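turn this into a model:
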Amino acid sequence: MTDAILLPELISRSATREPDAIALTHGQRSISYGLLQQSLSRFAGGLINLGMQRGERIGIYLEKRLETVVASFGSAAAGCVFVPLNPLLKADQVAHIMRDCNVRALVTSSERLSLLAPILASCHDLRQVILVNTDHLPSGDGPLAYLHWDDLLQAGIRSGHRVIDTDMAAILYTSGSTGKPKGVVLSHRNIVAGAISVASYLENSAEDTLLAALPLSFDAGFSQLTTAFHAGARVVLLNYLLPQDVLKALAAEKVTGLTAVPPLYIQLSQLEWPLAIGQHLRYFANTGGRMPRDTLAALRARLPNSRPYLMYGLTEAFRSTYLPPEEVDRRPDSIGKAIPNAEILVLREDGSPCAANEPGELVHRGALVGMGYWNDHEKTAERYKPLPANTPGRGPGLVLPEIAVFSGDSVRIDEEGFLYFIGRRDEMMKTSGYRVSPTEVEEILYATRLVGECAAFGVEHPSLGQAIQVIATPAAGGSLDTAALLAECRSRMPAYMVPANIFVRHDPLPRNPNGKIDRKALASEFRAHASPSGGPDQPGE
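Next up is the predicted model:
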């Protein structure tokens, strides 16, 4: 059978092969590929019956559950565009997204609807609210109509609008360096090509069970669905409260593949793992930032038979690079090479290629390059640009430009073609005439084993340009001696890199909706409470 071309075909092709194989598990509920295909087809038919037009946006504001998956793939099957709204978002943030991309229908629960009540009237394009779990529908208010999930699915199976692989399939909202979230538009081709690429190097098969621990509004979180469905594997949906819940799910569901972000892995590495997990966890993959060396070492000690995959990606191009497990011992700091069906370039500001080990901007070209930011010409022009005419693979006779994603990330490439992340250009700290990556500072702090979590950022300084500040938590079960930590920094860092101050925080560091440590929020909080002497009024709070 040929590979999928459109997003819903990832499910329909697996349903044709093995209709009785389990596709999804959530708590005590499981659903086979055959029933999942029927459900999304009925959801698509329900949207068509409501009069939804090709390309209209369907918002989904739910925790991870079976209906979340059905609504996502069913919207695409109808020829509409699904917009996953992170369940951690508050009402005003949800309202911004729904207004920004003109959401026409919203799928949510009665509990979440009550949170949204104050903002629904401001979402002028919203016409339908589909509730997954209530017997008592609210009365319609003006143009807004309410419908129960089961009633929507009773409309029967109807053909969706005709779409092709370059049509929109989803809009994923991602935090920017400034301002409100931006909507990254992804086509069917973007998502399907990504699923096929990632599943190939992770060697996913129908025997796999993947744990969906990341938010489905996060590209790496949604990838757990698409890679699994391409391979005919099973996905376990997990809404966890504590890191210990992740370990329990890994053991209970005999998970074979886990993808997570560094903050979660840092927490997991400090826990005792059930021995049984190592007997079935085939791989663990990192995304969303550099994995600290000590964290990686601790995980590998607990999971000697599991293969580590270190990955790099950005929502604008889904996934860009991975480091094969066999290379981890030789180059643990590398983000690897381009994934299949993608090319990664390292370019200078003038568009020319960088020499080996020369810092430059990571540029991604190929089938995974998204369609730009929704309704934002300026930001799209900043990030999605034509490739230089002399780019390898671009013959001189080609007239039409090729658009690539210019990531804004500084990287270098070594003589063997392996890439190394340096830092976000908009997060680089400029101190004493040097450019310093916050991730490089954090990596050294983690290597001391004196901190649990940490974040480094720069604040304005009259003589240094920026002074490096660090907020850190104690290691598990201990306390944090800032004087001892600074002494370690002085012994491990050049003088210009040593933090000006280290402040202890006893609560976990704040996360953004995708589970990453929110360095920007910490920096803003620091500046808001800074005293004239250059530090917070109450260090450690």
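
could you use CA atoms for every contact and neighbour count after this?
Noted.

is Glu343 in contact with Leu368, as I believe?
No - in terms of Cα atoms under 8 Å, Glu343 does not count as a neighbour of Leu368; the distance is 10.0 Å.

show me which of those two is the more surrounded one.
Leu368 (29 against 19; other Cα atoms under 10 Å).

look up the closest residue to the more buried one, ignoring the ones flanking it.
In space, and not counting its chain neighbours, Leu368 is closest to Asn190: 4.4 Å by Cα to Cα, 6 or more residues apart in numbering.

Leu10 too?
The nearest residue in space to Leu10 (Cα to Cα, 6+ apart) is His230, at 5.1 Å.

quick one: pLDDT of that neighbour?
Looking at His230, its pLDDT reads 98.

next: Pro536.
pLDDT, Pro536: 47.

do Arg302 as well
95.

how about the contacts made by it?
Trp273, Gly278 (Cα atoms under 8 Å, 6 or more residues apart in numbering).

for the protein, give me the ranges with low pLDDT.
For the chain, the stretches with pLDDT under 70 are 1, 140-141, 175-179, 433-435, 463, 530-541.

domains of it?
Listed domain ranges for the chain are 9-186, 240-424, 429-528 (source: automatic domain parsing).

how about His26, phi and psi?
Main-chain torsions, His26, degrees, to the nearest 10: phi -140, psi 110.

neighbours around it, how many?
So His26, with other Cα under 10 Å, has 15 neighbours.

Ser197 now?
19.

skipping adjacent residues, who's closest to it in space?
For Ser197, the closest residue by Cα to Cα, 6+ apart turns out to be Pro340, at 5.4 Å.

where does that neighbour fall, helix, sheet strand or coil?
Following DSSP: H, G, I helix; E, B strand; the rest coil, the label given to Pro340 is coil.

ok, it to Lys90 distance?
37 Å (Cα to Cα, to the nearest Å).

for those two, indicate the residue with more neighbours.
Using other Cα under 10 Å, the more surrounded residue of Pro340 and Lys90 is Pro340, with 17 against 12.

circling back: which residues are common contacts for Glu343 and Leu368?
Joint contacts of Glu343 and Leu368 (Cα under 8 Å, 6+ apart) do not exist.

scan this structure for its longest helix.
If you go by DSSP state H, the chain has its longest helix at helix 33-49.

just checking, the residue nearest to Leu368 touches Gly366?
No - judged on Cα under 8 Å, Asn190 makes no contact with Gly366 at a distance of 9.2 Å.

the residue nearest to Leu368: how many residues sit nearby?
So Asn190, with other Cα under 10 Å, has 27 neighbours.

what sits against it?
Counted by Cα under 8 Å, 6+ apart, Asn190 has contacts Ala317, Phe318, Ala367, Leu368, Val369, Gly370.

10 Å instead?
If you count contacts by Cα atoms under 10 Å, 6 or more residues apart in numbering, Asn190 has them with 6-7, 165-170, 316-318, 366-371.

so where do the strands sit in the stretch 201-350 of the chain?
Secondary structure of the stretch 201-350 of the chain (DSSP state E, counting those that start in this stretch): strands located at 209-212, 234-237, 257-260, 283-286, 307-312, 321-323, 334-338, 342-347.

for the third one, packing partners?
Yep, that's strand 257-260 we're talking about. When contacts are defined as 3 or more Cα pairs under 10 Å, 6 or more residues apart in numbering; DSSP states H and E, strand 257-260 packs onto strand 209-212, helix 219-231, helix 243-252, strand 283-286, strand 307-312.

and the residue most central in space within the chain, what does it touch?
Nearest to the geometric centre of the chain sits Phe218, at 3.5 Å (Cα atoms, centre = their mean). Phe218 makes contacts with 84-86, 172-174, 288, 314-315, 318, 513-515, as judged by Cα under 10 Å, 6+ apart.

buried ones only from these, please, as a ChimeraX command.
In ChimeraX, a selection of the buried entries from the contacts of Phe218 looks like this (16 or more other Cα atoms under 10 Å):
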select :84,85,86,172,173,174,288,314,315,318,513,514,515
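
that concludes my questions; thank you for your assistance.
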